[in-house]
Each structure stands twice: as structure tokens, then as C-alpha cells.
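S.K.: Prediction below, plus the sequence it came from.
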Amino acid sequence: MLCRERLFRCAAVALMLVVVIAAAGCGGTKVENVDPTTEGYVSGRWNDSDARATSDELIPQALSSPWIYAYRGAYGDTRPRIVVGDIENNTSEHINIDVFMNEMERVLINSGAIRFVADPEVRAALMEEVEWQEGMAKGGGVSGAVEEGVLGADFMMMGTISSIVDQAGKKAIIFYQVDLTLYDLRNWEKVWIGQAQRKHLVEGSKVRF
């Protein structure tokens, strides 16, 4: 009788171990590689899909706007130079501005129609390297007259990302708007305003905005 009870206890313990191990396996982290261009949302907040979509919408606006034709009419084949200023995040979310601005710069530069000048943070790093090369390095692309070869910007691009949240219970609608403005640094005139919008409908018990 004692042997039988011990067998039952051992069997019960073994079964519990199997259940615990199985449960631990089910709760493990799962990682899957997907196409980076695939649209998808987990929380419903702004993500890479929105960054990519807004840049895709704003780039054609910038390249087809009259400002670029007016510049070419005044300066011939010279390509306009742009410096990126403040792009303010006016939403309640943490948004990485660089994701869509870097994409915009990449496509606009590769179009051959526009040039971008280094922003203030990058200029500081470049100037440090230039000063080191002038004082220490032999050869290379930096000469004593480097200051005469540095080109300033013709235009500055600034903008905002804003959002409006309409929430009730387990549902929320989040409206995003990206506004970019291009200023002529010669006269501070606004020569181009670009705009892109996104809207998310989010439903779920854990919706919090």
C-alpha cells in the first residue's frame, strides 16, 4: 500500500513538472524576421509605418512645388542648399524625428535636385576634424583655405508633428499631422509648406493615450 501511494505521489510530481515546463516554454519570447516595409501596429501609436508614409507623401510635394523652379529661374543650374532646423514633436508620444527626416533627406539628395547642408550638431564635429587636419595631418582633402570652400544654406526647413486624440472607453482615434515649412534665408520668406496626415483607429481593453 505504501509503495502504491509513493508511486502515485511520484507520478503526480512528475506530471506537475511537465506542466510547469510546458507553461514556461509557452511563455517564452518569440522573434520573427519580417519585411521592414511591412505595415503593422502593436500599440496603435506612431511607428515606422507612419514615418515612411509621411516621407513618401512629402517628398513629391517638395520636388514639384514652384519654389524650386523659381530658384532655378533665378540661379540657373545651381541646386538649392537646405539646412534642417527644429522639427518639434508636439504630441504626447516619444517620436524619433530622425526616422522620417533621414528618409526625406536621402531621397531628396539622391534626386539630384537638392543639396543639404550639415546641421549645427554635425557642423561642430566636422569643424573639430577640419581643425585637427589643418594642424596635424598631411595631405587629405582639407586645405588651409577650407573656410572659403564651406557652402552655406539657401533655405532652412522647420516643422512640427502634432496629434489629436479622441478617446472613449476602449476605443481611440489618433490623428497625426506633419507640417514642414521651407524658409528662404535671404528674406525669411516661406517658400513651401508641406503637409501629411495619418489617422489610427485603436480598439482594445488596454488602450491608453
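M.R.: Here it is on my side, so go on. Numbers count the residues shown, from 1 in each chain.
S.K.: now Glu121, what's its secondary structure?
M.R.: At Glu121, secondary structure determined by DSSP: H, G, I helix; E, B strand; the rest coil is helix.
S.K.: neighbours of it, just the number please.
M.R.: As a burial measure, Glu121 scores 8 neighbours (other Cβ atoms under 10 Å). Where C-beta positions appear, they are placed from N, C-alpha and C, glycine not excepted.
S.K.: how far away is it from Leu182?
M.R.: 20 Å (Cβ to Cβ, to the nearest Å).
S.K.: Leaving out chain neighbours, which residue sits closest to Arg79?
M.R.: In this structure, Arg79 finds its nearest non-sequential neighbour in Arg115, 5.1 Å apart by Cβ to Cβ, 6 or more residues apart in numbering.
S.K.: no no, Ala70
M.R.: In space, Ala70 comes closest to Val191 once its chain neighbours are excluded; the distance is 7.5 Å by Cβ to Cβ, 6+ apart.
S.K.: The one you found and Met157 touch, don't they?
M.R.: No. Counting by Cβ atoms under 8 Å, Met157 is not a contact partner of Val191; they are 10.4 Å apart.
S.K.: what's the spatially most central residue of the chain sitting at in phi/psi?
M.R.: In the chain, the centroid-proximal residue (Cα atoms, centre = their mean) is Val99; its distance is 1.7 Å. Per-residue torsions, Val99: phi -60, psi -50 (degrees, to the nearest 10).
S.K.: Distance-wise, check it relative to Asn89.
M.R.: To Asn89, Val99 is 12 Å away according to Cβ to Cβ.
S.K.: tell me the phi and psi of Glu93?
M.R.: Dihedral angles for Glu93 - degrees, to the nearest 10 - are phi -100, psi 160.
S.K.: Starting from Met156, give me the distance back to the residue nearest to Arg79.
M.R.: Arg115 is 13 Å from Met156, by Cβ to Cβ.
S.K.: More neighbours: which of these two?
M.R.: Set Arg115 next to Met156 and count neighbours by other Cβ under 10 Å: Met156 wins out with 18 against 15.
S.K.: Quick check: the more buried one touching Leu185?
M.R.: Yes. Taking contacts as Cβ under 8 Å, Met156 lies within contact range of Leu185: 5.9 Å.
S.K.: Show me the helices in the protein, by range?
M.R.: For the chain, applying DSSP state H gives helices covering 2-26, 48-64, 66-75, 97-110, 120-135, 146-149.
S.K.: Quick check: buried residues in the fifth one?
M.R.: By neighbour count with 16 or more other Cβ atoms under 10 Å, helix 120-135 contains the buried residues 130, 133.
S.K.: Distance check, Gln197 against Glu134.
M.R.: 48 Å.
S.K.: Can you name the residues bridging to Leu180?
M.R.: Counting by DSSP bridges, Leu180 is bridged to Gly159, Gly194.
S.K.: Can you tell me how far it is from Asn102?
M.R.: If you measure Leu180 against Asn102 using Cβ to Cβ, the figure is 14 Å.
S.K.: And for Ser64?
M.R.: 21 Å.
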